[in-house]
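Visitor: Model the structure of this input:
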Amino acid sequence: MADSLNHNNISTAWVDGELRLVGLDSRMIGLLRAIDQSGSINQAAKQMGLSYKGAWQIIERANNGAPKTLVSTATGGSKGGGTCLTEAGRSLLALFTRLEQQHRQFLDQLNRSLADDPDTVLLLQRLVVKTSARNQIFGCITAIQAGAVNAEVSVKLKGGEQVVTSVTLTSLNDLGLQVGADAVLLVNSADITLTVDSDPYRFTARNRLSCSVIRVQQDEVNAEVIVLLPGGETLVAMVTPQSVQSLALMPGMPVWAMFKSNAPVLGVMSPL
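Guide: Model (predicted):
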């Protein structure tokens, strides 16, 4: 049976970004800061993970692009390297440092405002979930029925469809599953069976979802059939080219997507 999944490490820093000035990026500023601290271009290059030549190219570009020289060199400097920032270079570094602080304060304020909006947080949480499973659908836990070994968890999708997934009692406790919690279901495309049978309940699969074909992509070995659920979610089913022909699958065609209760991996959205 598939293991359950709990997303415990979703970051609350929804918005991030690098501060850039025209012609100056964080690497160039970092090199200037390292030179100011060490007084040596060789040491500064090592600190930044650059070659000596690469560091010099950055310095030359900075000096050429600035109205005043930013870095000066002299033989036998007090710190052994003979390289230091000019007054213009130190002024630029101080300016960038102030801008970095204001930039970080702006991002912090923006992230706090986003965190205060539950609907936005839920949307962003769902967008940052990354898995290897091809299908990722969200819903709300509506029922939990515990047995002797496993538990059946019912998840209601946006379109009202119910999906039943099996988890172990250990997973049930570890995840702290509760009715009303937001959940994500991860389903491999190979675990989904498609049928056009008017009575899908003749099959043993616990989950049967009514949907329609959006498109079919196939090669000589496999075919991917993308289907649309009533709530707007899409699923990808991996079938054989022979199945595509026998079912006569084409866009707009109504089909049933079926999978067993032990196929989905169940995850819960951790509260912030």
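Visitor: Angles on the backbone of residue 188, please.
Guide: Residue 188 has phi and psi values of phi -70, psi 140 when expressed as degrees, to the nearest 10.
Visitor: Relative to residue 98, how far out is it?
Guide: From residue 188 over to residue 98 the distance is 51 Å, taken as CB to CB, to the nearest Å. Quick note: C-beta positions are derived from backbone N, CA and C, even for glycine.
Visitor: which of the two has more neighbours?
Guide: residue 188 (18 against 10; other CB atoms under 10 Å).
Visitor: Please work out the average pLDDT along stretch 174-187.
Guide: The pLDDT scores in stretch 174-187 average 87.
Visitor: So which bits of that stretch are buried?
Guide: 175, 177, 181, 182, 183, 184, 185, 186, 187 (16 or more other CB atoms under 10 Å).
Visitor: Please name the bridge partners of the fifth one.
Guide: Listed by DSSP bridges, the beta-bridge partners for residue 183 are residue 139, residue 268.
Visitor: Please tell me how far it sits from residue 89.
Guide: Residue 183 is 54 Å from residue 89, by CB to CB.
Visitor: Return the distance of the strand or helix carrying residue 172 from the chain's centre.
Guide: According to DSSP states H and E, residue 172 maps onto helix 169-175. Relative to its chain's centre, helix 169-175 lies at 25 Å (CA atoms, centre = their mean, to the nearest Å).
Visitor: what packs against that helix?
Guide: Using 3 or more CB pairs under 8 Å, 6 or more residues apart in numbering; DSSP states H and E as the contact test, the elements touching helix 169-175 are strand 135-146, strand 150-157, strand 265-269.
Visitor: what comes up buried for it?
Guide: Quick answer for helix 169-175 (16+ other CB under 10 Å): 171, 172, 175.
Visitor: Can I get those in JSON lines including distance to residue 144?
Guide: What follows is these, written out as JSON lines (distance: CB to CB, whole Å):
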{"residue": "171", "distance to residue 144": "12"}
{"residue": "172", "distance to residue 144": "7"}
{"residue": "175", "distance to residue 144": "11"}
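Visitor: Residue 182 against residue 138, yeah?
Guide: Yes - between residue 182 and residue 138 there is a contact under CB atoms under 8 Å: 6.9 Å.
Visitor: Could I get the full set of helices for the stretch 151-272 of the chain?
Guide: Secondary structure of the stretch 151-272 of the chain (DSSP state H, counting those that start in this stretch): helices at 169-175, 241-247.
Visitor: CA atoms only for the helix holding residue 172 - export them in PDB, please.
Guide: What follows is helix 169-175, C-alpha atoms only, in PDB (Å, rounded to 0.1, in the frame of the first residue of the first chain):
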ATOM      1  CA  LEU A 169      -3.500   3.100  11.400                       C
ATOM      2  CA  THR A 170       0.100   4.300  12.100                       C
ATOM      3  CA  SER A 171      -0.200   6.800   9.300                       C
ATOM      4  CA  LEU A 172      -3.600   7.900  10.500                       C
ATOM      5  CA  ASN A 173      -2.100   8.800  13.900                       C
ATOM      6  CA  ASP A 174       1.200  10.200  12.600                       C
ATOM      7  CA  LEU A 175      -0.500  12.500  10.200                       C
END
